[in-house]
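1. Show me the folded form of this:
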Amino acid sequence: MSEFSAASTPSTPGALLGLAVQVAREGAATARRMRSEAIGDVQTKSTATDVVTAADKAVERQVIEALQAARPGDAVLGEEYGDTEAGGGSGVRWILDPIDGTVNYLYGLPQYAVSLAAEVDGAVVAGVVINAATGDEWTATLGGGAWRGEKRLHGSVPSGLGQALVGTGFGYDARRREHQGRVLAGLITQVRDIRRFGAAALDLCAVAEGTLDAYYEKGLNPWDWAAGGLIATEAGIVVSGLGGAAPGIEMLVAAPPAVHGPLHEALVALDAAGGA
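-> Okay, here's the model as predicted:
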């Protein structure tokens, strides 16, 4: 039996993080083991370029089963199987991306992650992101700071938007890509440079630790950013949507306070939340 059980895992941020870290590590190990098998079992999702592998589904099932064994009253929102309610009534919902960066996973690029967050009464209170390829791990609890191992994270301190290295990502729908390409063309002359790594959770962790100065993307689902968004926020990063909106599918912008305002205004001017 796991060291965690429904009786021994209270709904405190620290206890939920401990469970999240354990099951996410096990999921990351499964993803690594299954990679060669996954290459031979690729299906399509929204388009032929958006792949979903056997490993995505296997890792999600494994994590859900582990969470339900430890805390049978919790709900789980996962990318592959949607909202799974078990027992009900605990007030805790887990938000899971079993493999964030599936195309990187398919090609063997070492930038794919298991992302797992715990939400209590609608607020994310704990999160872990593990780069399954490298074992690098980022964690946060609400009010408890963001960490990479034993190192507390505080983001970067760029002098302005013109000195900011900005990460982004693109949807798989051709119409959305066309609009995102126009936004990118308008933004690239205003920043130091642009990076596209292909895993939103890891991009948010990069902003939290300062290896990216900022990040924005349209089309993110809760599992893409729940854990990474908490980690970035706890590192002092402003995570928002545009025009006073909360971060979500229309837009997510993450940047230190000195850069967030100028980046936000540039994205509004470029109609970054528009298009398909």
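2. got the domain boundaries for the protein?
-> With domains defined by automatic domain parsing, the chain comprises 13-135, 161-269.
3. Using CSV, lay out these together with mean neighbour count, distance to Lys151 and mean pLDDT.
-> Where C-beta positions appear, they are placed from N, C-alpha and C, glycine not excepted. What follows is these, written out as CSV (neighbours: other C-beta atoms under 10 Å; distance: least, C-beta to C-beta, whole Å; pLDDT from 0 to 100):
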stretch, mean neighbour count, distance to Lys151, mean pLDDT
domain 13-135, 20, 15, 88
domain 161-269, 20, 8, 97
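4. got a markdown table for the ones you listed, with distance to Gly144 too?
-> Shown next, in a markdown table, are the domains of the chain (distance: least, C-beta to C-beta, whole Å):
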| stretch | distance to Gly144 |
| --- | --- |
| domain 13-135 | 6 |
| domain 161-269 | 7 |
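5. closest to Ala276 out of these?
-> Ala276 sits nearest to domain 161-269 of all those, at 3.8 Å, using C-beta to C-beta.
6. measure that closest one end to end?
-> Terminal residues of domain 161-269 are spaced 15 Å apart (C-alpha to C-alpha, to the nearest Å).
7. on that earlier part again, nearest approach to Arg148 belongs to which of the domains of the chain?
-> Closest of the domains of the chain to Arg148 is domain 161-269, at 5.7 Å (criterion: C-beta to C-beta).
8. just so I know, which of the domains of the chain lies nearest Glu150?
-> Among the domains of the chain, the nearest to Glu150 by C-beta to C-beta is domain 161-269 (13.0 Å).
9. By residue count, what's the longest helix in this structure?
-> In the chain, taking DSSP state H as the definition, the longest helix is helix 13-39.
10. Where do the strands of the stretch 51-200 of the chain begin and end?
-> For the stretch 51-200 of the chain, the strands defined by DSSP state E, counting those that start in this stretch cover 51-53, 75-78, 82-85, 92-100, 113-120, 123-131, 137-141, 145-148, 151-152, 165-168, 193-195.
11. got a markdown table for those strands, with distance to Thr211 too?
-> Converted to a markdown table, the strands of the stretch 51-200 of the chain look like this (distance: least, C-beta to C-beta, whole Å):
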| stretch | distance to Thr211 |
| --- | --- |
| strand 51-53 | 26 |
| strand 75-78 | 28 |
| strand 82-85 | 33 |
| strand 92-100 | 17 |
| strand 113-120 | 15 |
| strand 123-131 | 12 |
| strand 137-141 | 11 |
| strand 145-148 | 10 |
| strand 151-152 | 12 |
| strand 165-168 | 8 |
| strand 193-195 | 9 |
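12. closest to Gly210 out of those strands?
-> Comparing the strands of the stretch 51-200 of the chain by C-beta to C-beta, strand 165-168 comes nearest, at 9.7 Å.
13. List the strands paired with that closest one, with their directions.
-> Paired neighbours of strand 165-168 in the sheet (DSSP bridges): strand 193-195 (parallel), strand 214-217 (parallel).
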